[in-house]
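K.L.:
Show me how the following folds:
(2 chains)
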Amino acid sequence: MIMHPGIIALSLGSLVVAFLVLYGSAHGIRIVRHWDLRSGSELQLGLERQTYLISTVMSYAFSFQLFSLFLFIFTADKVSCLFVGAMCAAGTLHVNGYGYPALSLKIINFIFGGIWLILNFTDNRAIDYPLIKKKYLFLLALAPLIVAETIFQGAYFLKLDAHVITSCCGSLFSPEGKGVGAILPALPVAPVRAVFFASILCTSASGIFFIRKQTAATGYLFSFLSAVTFVVCIIALISFISLYFYELPTHHCPFCILQGEYSYVGYPLYLSLLGAAVAGISTGLLMPARSTPSLKNILPPILRSLTLTAISLYLIFTLISLWAMTFTDFRL
Amino acid sequence: MAWIEKERNIIDFALSSLLRKRGKNLALFLIYTIIVFILSSIFFFTASIKKEASRVLALSPEVTVQRIVAGRHDLMPANYIPVISGIPGVREVRGRLWGYYFEPSTGANYTVIAREHGMGPREGAMNVGWGVARTLNVGKGDVAPLKASDGSYMSFEVNRVFSSESEIVSSDLIEINQEDFRGLFSMNNGYWTDITLVVRNKNETVTVANKIKRLLPDTRPILRDEILRTYDAIFDWRGGLLIFILGGAVLAFAILAWDKATSLSFEERREIGILKAVGWETSEVIVMKSWEGIAVSLTSFLVGVIAGYCHVFFASYIFFEPVLKGWSVLYPHFRLVPSIDAYQIAALFFLTVVPYTTATIIPSWKAAIIDPDEVMRL
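P.N.:
Numbers count the residues shown, from 1 in each chain, chains lettered A, B, ... in the order given. Got it, this is the predicted structure:
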């Protein structure tokens, strides 16, 4: 294991988040089993009090999760100089088989954590906690993923061996390589570009329709399109958008844009993408709750804000990409 | 806007509540600040020294070739130079002469290097680093004797003392010319300490190193990148080890924070009871408690980071110097170039704010669920 201060900080953070989520889940099980709002029993009163605790615990845990996602990528970037062949996080994560699964779990957990917080926020606004059981079942499903993330991250750091010769992003994300990193750069640019702009347009249009007329069909459509657009944006970023930032026709790395040489442009790009995905997907998950009487007046403004947030964040992502495409001499 | 106004009022109340419990919070603030101070000092020091090392090494040769005999560094025969020069892509192959000179009276080890003809000091003269001048108690124009390997003494006149700005690399340095060096250490003309070379294409360095190893199996080519990597790993390791050891202190601090947050005084319980009786909700009390925590965290974090910064960059990191730098009689006194980045702050945040916050969540909630009637009856 490499005793890097960042690695120690991340391991500590991960353990804390896992502990908080497990603690919350343990209380969640009791709530799922015994929650009955009509009852005035001692147990029910205790459970009602515990919901405040879990809300607080989870808000902190998922805020730490956001920090930890970026700290993880940044640390991988920082220690890349220790490995022969690595030039950025792409190479460091490739040193052993746990790096990319840990990163994927971190991204998935961030999105699910964000969705959970939105569900929790909505649920707490209604007087009778209508989503409480669903919310805690979701938390129970999320807990193993958080634990898996801690295990994968721990294994990744423990097995980091400075003698391993790894590959740089140039070879990992090139059409000649293997795996997903090779497929995306090999995609033809014109169709990917068309799909990217089309999906942004469709998502925005369906979102606007949904804001104007909150029908079930438009809501689900918008949520589905948001999730699809998230994937399309990542493909587009690796396939052609990153090339404009690097001004190189062969450099497809999704990590180098997080470095100072490229004005840290990766941070607003990824933050807007992740935020948009959380807000967009949450809309669909909240749709079934519209028929709940206590949420009838509360839900529409929340859905509107979430939709607006998702559209705005996707547009920010598109504008930053367009800015790069327009204001450089580089042409594909 | 109503939400901001409400939050502002809660913050206002949280701050005034903190001020009312001045004594209790001051102790917490002090310990919190000390923890952040120690950890930030380690972070800033390791990051700066790594930067300094890479700056210094940027001027060193790309490849250094040493001869290894029975696992030890041995003298390099001069006839190896034409062999290495013959490798395609190699240019500027040079023999170097350098070694260590132990000075028994002070217990210091000097690094002696010989400069090439016409570039170094004249015969019988030497250029010395600030540390050497200090321990030998000499200045420009003074004469100092050095004991040669045959037991005789050779006198050298100090030609120049290197400026204190270059002390990180020149503190223990003695520079003499090649003839004097061979005389001082009784080294034959046909040998060098090691050989350095420049490679035309930077991407070919590893290939050239492999070719050298194949042609001259008793040699060890050392790449500049490898040295840089080793420096990085060593300083990260030292910093990491210190943080690991200090983990106990962080844990103790988290327990203290937990204890402080759990041991609510009668006054505090009554305060929360009254707040709830006048209509505050549990969630609002939790928010208020969170703001209290954020205020303590932010203040201690800021003060600790600023103190750590001053300690490392203005007060010459006096508290951890030997642990982080290593030990030597002749250690250079140098000032690090101040630098700070978001990464260091983020990692520090994880090591300090996260454990503190986690330790205070449950006690804050326990305080927030106090029943008003329970408190009023006391």
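
K.L.:
for the residue of the stretch 201-350 of chain B found nearest chain A, helix, strand, or coil?
P.N.:
Chain A sits closest to B:Gly240 of the stretch 201-350 of chain B, with a gap of 2.9 Å, by Cβ to the nearest Cβ. (C-beta placed from N, C-alpha, C; glycine too.) Under DSSP: H, G, I helix; E, B strand; the rest coil, the three-state class of B:Gly240 is helix.

K.L.:
can you check A:Thr250 too?
P.N.:
At A:Thr250, secondary structure determined by three-state DSSP is coil.

K.L.:
Verify the contact between it and A:Cys169 for me.
P.N.:
No: if you go by Cβ atoms under 8 Å, A:Thr250 and A:Cys169 don't touch, sitting 10.7 Å apart.

K.L.:
When these two are compared, which one has more neighbours?
P.N.:
More crowded of A:Thr250 and A:Cys169, by other Cβ atoms under 10 Å in any protein chain shown: A:Cys169, with 23 against 12.

K.L.:
Give me the pLDDT for the nearest residue to the residue of the stretch 201-350 of chain B closest to chain A once chain neighbours are set aside.
P.N.:
Of all residues not flanking B:Gly240 in the chain, A:Met3 sits nearest, at 2.9 Å (Cβ to Cβ, 6 or more residues apart in numbering or on different chains). The score at A:Met3 is 77. That number is its pLDDT.

K.L.:
ok, A:Met3 - how many residues close by?
P.N.:
17.

K.L.:
for it, what are its contacts?
P.N.:
Counting by Cβ atoms under 8 Å, 6 or more residues apart in numbering or on different chains, A:Met3 makes contact with B:236-237, B:239-241, B:244.

K.L.:
Doesn't it belong to a strand?
P.N.:
No: using three-state DSSP, the assignment for A:Met3 is coil, not a strand.

K.L.:
Now do the buried residues in stretch A:109-122.
P.N.:
Using 16 or more other Cβ atoms under 10 Å in any protein chain shown as the test for burial, stretch A:109-122 gives A:109-120, A:122.

K.L.:
Which members of these are the farthest-apart pair?
P.N.:
A:Asn109 and A:Thr122 (20.3 Å; Cβ to Cβ).

K.L.:
gap between B:Thr193 and A:Ile200?
P.N.:
Per Cβ to Cβ, to the nearest Å, B:Thr193 is found 64 Å from A:Ile200.

K.L.:
Listing request: residues of the chain with sub-threshold pLDDT.
P.N.:
Let's take chain A. A:1-2, A:176-181 (pLDDT under 70).

K.L.:
that answer is for a different chain, and I need it for chain B
P.N.:
B:1, B:164-167, B:322-335, B:378.

K.L.:
Tell me where it has helices.
P.N.:
Secondary structure of chain B (DSSP state H): helices at B:2-20, B:22-57, B:80-85, B:130-136, B:167-170, B:178-184, B:205-215, B:224-262, B:266-277, B:282-313, B:321-325, B:342-368, B:372-376.

K.L.:
Would you mind putting the ones you listed into JSON lines with mean neighbour count and distance to A:Glu48 alongside?
P.N.:
Formatted as JSON lines, these follow (neighbours: other Cβ atoms under 10 Å in any protein chain shown; distance: least, Cβ to Cβ, whole Å):
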{"stretch": "helix B:2-20", "mean neighbour count": "13", "distance to A:Glu48": "22"}
{"stretch": "helix B:22-57", "mean neighbour count": "19", "distance to A:Glu48": "30"}
{"stretch": "helix B:80-85", "mean neighbour count": "16", "distance to A:Glu48": "80"}
{"stretch": "helix B:130-136", "mean neighbour count": "21", "distance to A:Glu48": "70"}
{"stretch": "helix B:167-170", "mean neighbour count": "19", "distance to A:Glu48": "63"}
{"stretch": "helix B:178-184", "mean neighbour count": "19", "distance to A:Glu48": "84"}
{"stretch": "helix B:205-215", "mean neighbour count": "16", "distance to A:Glu48": "66"}
{"stretch": "helix B:224-262", "mean neighbour count": "17", "distance to A:Glu48": "22"}
{"stretch": "helix B:266-277", "mean neighbour count": "16", "distance to A:Glu48": "14"}
{"stretch": "helix B:282-313", "mean neighbour count": "19", "distance to A:Glu48": "9"}
{"stretch": "helix B:321-325", "mean neighbour count": "15", "distance to A:Glu48": "52"}
{"stretch": "helix B:342-368", "mean neighbour count": "21", "distance to A:Glu48": "13"}
{"stretch": "helix B:372-376", "mean neighbour count": "13", "distance to A:Glu48": "16"}
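
K.L.:
got a list of what the residue most central in space within chain B touches?
P.N.:
What sits nearest the mean C-alpha location of chain B, by Cα atoms, centre = their mean, is B:Thr46, with 2.3 Å. Counting by Cβ under 8 Å, 6+ apart, B:Thr46 makes contact with A:5, B:235-236, B:238-239, B:324.

K.L.:
Quick check: it vs B:Ile243, distance?
P.N.:
In terms of Cβ to Cβ, B:Thr46 sits 10 Å off from B:Ile243.

K.L.:
overlap in contacts of these two?
P.N.:
A:Pro5.

K.L.:
Which positions in chain B make contact with chain A?
P.N.:
B:42-43, B:46, B:228-229, B:232-233, B:236-237, B:239-241, B:243-244, B:247, B:282-283, B:286, B:290, B:343, B:346-351, B:354-355, B:357-358, B:361-362, B:364-365, B:368-369 (Cβ under 8 Å from any Cβ of the partner chain).

K.L.:
Nearest residue to A:Ser321 in space, please, no chain neighbours.
P.N.:
Using Cβ to Cβ, 6+ apart, the nearest residue to A:Ser321 is A:Ile241, at 4.7 Å.

K.L.:
correct me, but that neighbour touches A:Ala324?
P.N.:
Yes: between A:Ile241 and A:Ala324 there is a contact under Cβ under 8 Å: 6.9 Å.

K.L.:
List, one by one, the residues from the stretch 101-250 of chain A near chain B.
P.N.:
A:124, A:162.

K.L.:
go with 7 Å
P.N.:
A:Ala162 (Cβ under 7 Å from any Cβ of the partner chain).

K.L.:
ok and the residue in the stretch 101-250 of chain A nearest chain B?
P.N.:
For the stretch 101-250 of chain A, Cβ to the nearest Cβ, closest residue to chain B: A:Ala162, 6.2 Å.

K.L.:
Contacts only, for the closest residue to that residue other than its chain neighbours.
P.N.:
Among residues not flanking A:Ala162 along the chain, A:Leu82 sits closest, at 5.0 Å (Cβ to Cβ, 6+ apart). By Cβ atoms under 7 Å, 6 or more residues apart in numbering or on different chains, the residues touching A:Leu82 are A:2, A:162, B:229, B:232-233.

K.L.:
what about A:Ala190, neighbour count?
P.N.:
Other residues close to A:Ala190 by other Cβ under 10 Å number 10.

K.L.:
can I assume it sits in a helix?
P.N.:
Yes: judged by three-state DSSP, A:Ala190 forms part of a helix.

K.L.:
and the gap between it and A:Ile211?
P.N.:
Counting by Cβ to Cβ - A:Ala190 and A:Ile211 are separated by 32 Å.

K.L.:
just A:Arg290 next, same as before
P.N.:
14 Å.

K.L.:
try B:Lys147
P.N.:
Distance from B:Lys147 to A:Ile211, by Cβ to Cβ: 88 Å.

K.L.:
what do you get for B:Gly99?
P.N.:
From B:Gly99 to A:Ile211 the distance is 78 Å (Cβ to Cβ).

K.L.:
Could you do B:Ser316 as well?
P.N.:
Distance from B:Ser316 to A:Ile211, by Cβ to Cβ: 61 Å.

K.L.:
out of these two, which sits in the busier spot?
P.N.:
The neighbour comparison of B:Ser316 against A:Ile211 (other Cβ under 10 Å) goes to A:Ile211, with 17 against 13.
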